[in-house]
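1. Need a 3D model of the sequence below.
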Amino acid sequence: MKEQNALTSDSKFTKILSEYKDVIALFLASRIVFLIIVLMTPVPFLQVWGQFDTEHYRYIAANGYEDWITVFFPVIPLLIRYISDVGVVILNNLAFLVSLGLIKSILKDHYNFKEASTVTGILAFSPQSFFSMLEYTESLFFLLTVIAFMLYKSKSHFLSLGLILGLSVATRNSGSMLFLAIFIGMCINWLRKEIKIVNILTTYIPATAISLIYPVFLQVRYGNWKIFMDAQMEYWVRISSNIFKTVFIQLKVIFTGSYDYGGADFNLLIKSNECLSLILFILTVVLLVLEIRPMAKAKKIDTEAAVLVLYTVFFLITIHMTIREPSIDCPTDSFYRYYAGLFPLYLMLRHIKSKTKLQVGLMVTLFVTLLTSYLFSKGIFFF
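-> Numbers count the residues shown, from 1 in each chain. This next block holds a predicted model:
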């Protein structure tokens, strides 16, 4: 019996390995490409790994929070403290590998293997992929949100869903957007009698409890639970905005010689950054339309599609709620790496049936990511 079970386990493992060998190949290829890019720059390898946000996470891990740095949520600093910098890099790489496999497994219901592999390739060589090699939130957050969506789809394992949702919020504040989207989806499922009210409570009691740990900590320590939002506006010099204002500013920056706020002038890199962000915004809107259209035709809400749409819409609204002080380094902060970390975009690509279009998307994504990784490695702010 034991031998039979061992053979069965080996057979399952071999089948999974065969089915996802392209995922492993894409993952390894992306690591090799990015490492070559990093080594091509004159900046020392370890210095590249400690630039920008990583510096802040390491500071929190070593010294704890100060009011100006509360904008960085606690999961990554805690991991750095307890499993080390190397441990976090290993964890992020593993998280990204698993994410690639999960995205492909979801897409297999809509694509044949080759097309699903192309979309997986777009993720494998996206800016999200490059940042998964660093001590950033991108990789772990992406995995948590994908798992949360899969658990939601299953209409089971509600406690696990709650724990994962709570951890996603503690990792990155945009997790609250998925938190809300899934809550709305579950309420619709409850009204349709597909789940019970106890299932919602089982999910959202732990999800809410975990999500509140950081704000409660801030309230106890600083007497202000929303100090992380205040710090964005004060220390990180943000200005209130909205989608329409931000897009208008982006157009002015791209197509005019200067943007007339404080007499700021912008070079080619800044213009390119805003252009990429704007293009991704437009493509996101197009994918949203493609996702909504089948529901509009059927005159019925598909709750899984609704969660993808709601999460994406909430995300778009939030990242456009502020812009940066233009004279610092960029006129807006709707950086394209934020879009790259939004898992619904990869799932919404299932509406694009043209293999050629997907392959073009892969080539464009690869070019943008190579540019991102090279500039990042040189210490240039372009993400």
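2. show me where this structure has strands.
-> Along the chain, counting by DSSP state E, strands occupy 238-240, 258-259, 264-265, 322-324.
3. Deepest in the core, which of the ones you listed is it.
-> Burial of the strands of the chain is given as mean neighbour count (mean count of other Cβ atoms under 10 Å); strand 322-324 ranks first at a mean of 19. Backbone N, C-alpha and C define where each C-beta goes, glycine included.
4. next one: that one to chain centre, how far?
-> 19 Å (Cα atoms, centre = their mean, to the nearest Å).
5. picking up where we left off before, of the strands of the chain, which is nearest Gln47?
-> Closest approach to Gln47 among these (Cβ to Cβ): strand 322-324, 24.8 Å.
6. and the closest one, what other elements does it pack with?
-> strand 238-240, helix 243-255 (3 or more Cβ pairs under 8 Å, 6 or more residues apart in numbering; DSSP states H and E).
7. Specify the beta-bridge partners of Thr322.
-> Ser240 (DSSP bridges).
8. And the pLDDT for it?
-> At Thr322, the model reports a pLDDT of 85.
9. wait, doesn't it sit right on Val237?
-> No - Thr322 lies out of contact with Val237 (Cβ atoms under 8 Å); the separation is 9.7 Å.
10. ok, back up a step: now the strands of the chain in TSV, please, with extra columns for distance to Ile24.
-> TSV is the format used below for the strands of the chain (distance: least, Cβ to Cβ, whole Å):
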stretch	distance to Ile24
strand 238-240	41
strand 258-259	45
strand 264-265	46
strand 322-324	39
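11. List just the one of the ones you listed that sits closest to Val289.
-> Nearest of the strands of the chain (Cβ to Cβ): strand 322-324, 25.5 Å.
12. Other residues contacting that closest one?
-> Residues outside strand 322-324 that contact it (Cβ atoms under 8 Å, 6 or more residues apart in numbering): 232-233, 236-241, 245-246, 249, 330-333.
13. Going through those, which ones are buried?
-> 232, 238, 241, 246, 249, 330-333 (16 or more other Cβ atoms under 10 Å).
14. between the strands of the chain, which one is nearest to Ser168?
-> strand 322-324 (21.4 Å).
15. ok, back up a step: for Gln219, find the nearest of the helices and strands packed on strand 322-324.
-> Here strand 238-240 is closest among those (Cβ to Cβ), at 21.7 Å.
16. Quick one: low-confidence residue ranges for the stretch 251-383 of the chain.
-> 258-264, 326-329, 333-334 (pLDDT under 70).
17. residues contacting Arg293?
-> For Arg293, the contact set (Cβ under 8 Å, 6+ apart) is empty.
18. and the gap between it and Val146?
-> Noted for Arg293: a distance of 24 Å to Val146, by Cβ to Cβ, to the nearest Å.
19. Pro206 too?
-> Pro206 is 19 Å from Val146, by Cβ to Cβ.
20. From Val71, how far off is Tyr215?
-> Slight slip there: residue 215 is Pro, not Tyr. Counting by Cβ to Cβ, the gap from Pro215 to Val71 is 13 Å.
21. More neighbours: those two, which one.
-> Between Pro215 and Val71, counted using other Cβ atoms under 10 Å, Val71 has the larger neighbour count: 18 against 15.
22. Would you check that that one makes contact with Trp236?
-> Yes - here Val71 reaches Trp236: they are 6.3 Å apart, a contact under Cβ under 8 Å.
23. circling back to that earlier point, which pair in the buried ones among the contacts of strand 322-324 spans the largest distance?
-> Of all pairs in the buried ones among the contacts of strand 322-324, the most separated under Cβ to Cβ is Gln232 and Ile249 at 17.8 Å.
24. what about the helices in the stretch 51-200 of the chain?
-> Using DSSP state H, counting those that start in this stretch, the helices found in the stretch 51-200 of the chain span residues 53-63, 75-107, 113-124, 127-131, 138-154, 158-171, 175-191, 197-222.
25. And Pro206 and Val146? Which one has more around it.
-> Val146 (25 against 20).
26. For Ala116, give me the pLDDT.
-> At Ala116, pLDDT is 79.
27. since we're on it, how many residues are nearby?
-> Neighbour count for Ala116, taken as other Cβ under 10 Å: 23.
28. now it, nearest residue through space, not along the chain?
-> Leu107 (4.2 Å; Cβ to Cβ, 6 or more residues apart in numbering).
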